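Trainee: Task: produce atomic coordinates for the following.
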Amino acid sequence: MVSVSVLTGFLGSGKTTLLSRLLRHEDMAKTAVIINEFGAVGLDHMLVEASDENIVQLNSGCLCCTIRGDLVFTLLDLLGRRERGEVLAFERIVIETTGLADPAPILQALMTDTALAGDIQVDGVVTTVDVVNGTATLDRYPEAIKQAAVADRIVLTKTDLPEAEDLSERLSVINPTASLLTAINGDIAPARLFDSGVFDPAAKPVDVQTWLAAEQHARHHAHDVNRHGDGITAHAMVRERPLHAVALTLFLEILAEHCGPDLLRVKGLVKLVESADRPAVVHGVQNVFHPLIWLDRWPGEDCNSKLVFITKDLPGQWFEDLLEALDAEVAEAHQRQA
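Mentor: The predicted structure follows:
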């Protein structure tokens, strides 16, 4: 049977960075990936360095909120393509959930769907926890608590930053059976994360068993792929014209200073006037923004800028209008100087 591992963790906790580094490892050569993103525009698959034919995007909304049949259908289709030799042979599937995912319905679907019986086994759950924003996130979002509680392995990220907190005691209370590991910039050996044995709900805290049992009778339905719960929305911005670097810098500074914890996540690929053939990768979590990373080339034929903002009670159009105004002001200043 094919081993299926679930990679989860709250927004901006480093799942994609971890996955990208893992897939470069020779031990992960026979791995297929299903990436579930929140919002209509997907970016994570562009940032994961692996064979495109073994990466599948699921943009129908959070797996925990939408019809779970989408996941089952995707798995069956992927297994069928492997059987027909249409994709590289794989022995493991890694499912990267959205940062807002409740893992309970996902695990319940994987363990109980009769169409998958005999073809897959749930190997375990890996959860990333950002130790810079971890305390506030655990206090504010029950999804983060659930993600930590179901884990077999908890990977602490951003431990090298000066703002890092020690969350080991709190996480041990939430999940006393999980191994606590550390990864800096996603660097960790696959053997430390996977092959933890068949996922066993009985070995988890009582709350986890209760959540999974409740999912046996839960009804999930399709909804707006850009909305999750009360007030949390995704706003995707696609822009053909390149941005001026100064405008992007000013934009990110304003977001960091004024949006705070209600700006849950910003990520994107941006085309700049000064370097149109090399996209800049934007990563931000609440008021923490990482330095821009430059890719050697665009990951595909589409070279338009794409930014996704995941927010709580913030209007998405405001981001677009602000960036447009800043870029127009910078362009006008360049014209005056010329």
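Trainee: for the chain, what spans make up the strands?
Mentor: Assigned by DSSP state E, the strands in the chain fall at 2-9, 31-36, 55-58, 92-96, 120-130, 153-157, 179-183, 227-228, 232-239, 263-272, 275-285, 288-289, 293-294, 305-312.
Trainee: can you give me how far the second one is from the chain middle?
Mentor: What it means is strand 31-36. Its chain's C-alpha centre and that of strand 31-36 lie 11 Å apart, by Cα atoms, centre = their mean, to the nearest Å.
Trainee: just the last one next, same as before
Mentor: The chain centroid and the centroid of strand 305-312 are separated by 13 Å under Cα atoms, centre = their mean.
Trainee: Show the average pLDDT along it.
Mentor: Strand 305-312 comes out with an average pLDDT of 87.
Trainee: so what does that strand touch, helix or strand wise?
Mentor: Where contact means 3 or more Cβ pairs under 8 Å, 6 or more residues apart in numbering; DSSP states H and E, strand 305-312 is packed against strand 232-239, strand 263-272, helix 316-337. Backbone N, C-alpha and C define where each C-beta goes, glycine included.
Trainee: Out of the strands of the chain, flag the one nearest residue 207.
Mentor: For residue 207, the closest of these is strand 120-130, at 14.5 Å, according to Cβ to Cβ.
Trainee: what does the model give residue 153 for pLDDT?
Mentor: On the pLDDT scale, residue 153 gets 93.
Trainee: now it, which residues is it bridged with?
Mentor: For residue 153, the beta-bridge partners under DSSP bridges are residue 126, residue 179.
Trainee: Residue 165 versus that one, what's the distance?
Mentor: According to Cβ to Cβ, to the nearest Å, residue 153 and residue 165 sit 20 Å apart.
Trainee: which of those two has more neighbours?
Mentor: Using other Cβ atoms under 10 Å as the criterion, residue 153 and residue 165 rank with residue 153 on top: 20 against 17.
Trainee: Am I right that the more buried one is in contact with residue 124?
Mentor: Yes - under the criterion of Cβ atoms under 8 Å, residue 153 makes contact with residue 124 at 6.9 Å.
Trainee: Spit out the residues that contact these two alike.
Mentor: Shared contacts of residue 153 and residue 124 (Cβ atoms under 8 Å, 6 or more residues apart in numbering): residue 196.
Trainee: Tabulate the helices and strands packed on strand 305-312 in CSV, adding columns for distance to residue 5 and mean neighbour count.
Mentor: Shown next, in CSV, are the helices and strands packed on strand 305-312 (distance: least, Cβ to Cβ, whole Å; neighbours: other Cβ atoms under 10 Å):
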stretch, distance to residue 5, mean neighbour count
strand 232-239, 25, 19
strand 263-272, 23, 22
helix 316-337, 33, 14
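Trainee: Could you list the low-pLDDT ranges of the stretch 101-250 of the chain?
Mentor: For the stretch 101-250 of the chain, the stretches with pLDDT under 70 are 209, 213-231.
Trainee: residue boundaries of the helices in it?
Mentor: 103-112, 134-140, 142-149, 168-174, 206-215, 245-258 (DSSP state H, counting those that start in this stretch).
Trainee: Out of these, flag the one nearest residue 236.
Mentor: Nearest to residue 236 among the helices of the stretch 101-250 of the chain is helix 245-258; the distance by Cβ to Cβ comes to 15.9 Å.
Trainee: For the helices of the stretch 101-250 of the chain, please prepare CSV with the additional fields mean neighbour count and distance to residue 199.
Mentor: Below are the helices of the stretch 101-250 of the chain laid out as CSV (neighbours: other Cβ atoms under 10 Å; distance: least, Cβ to Cβ, whole Å):
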stretch, mean neighbour count, distance to residue 199
helix 103-112, 21, 7
helix 134-140, 17, 22
helix 142-149, 22, 13
helix 168-174, 14, 17
helix 206-215, 16, 10
helix 245-258, 16, 38
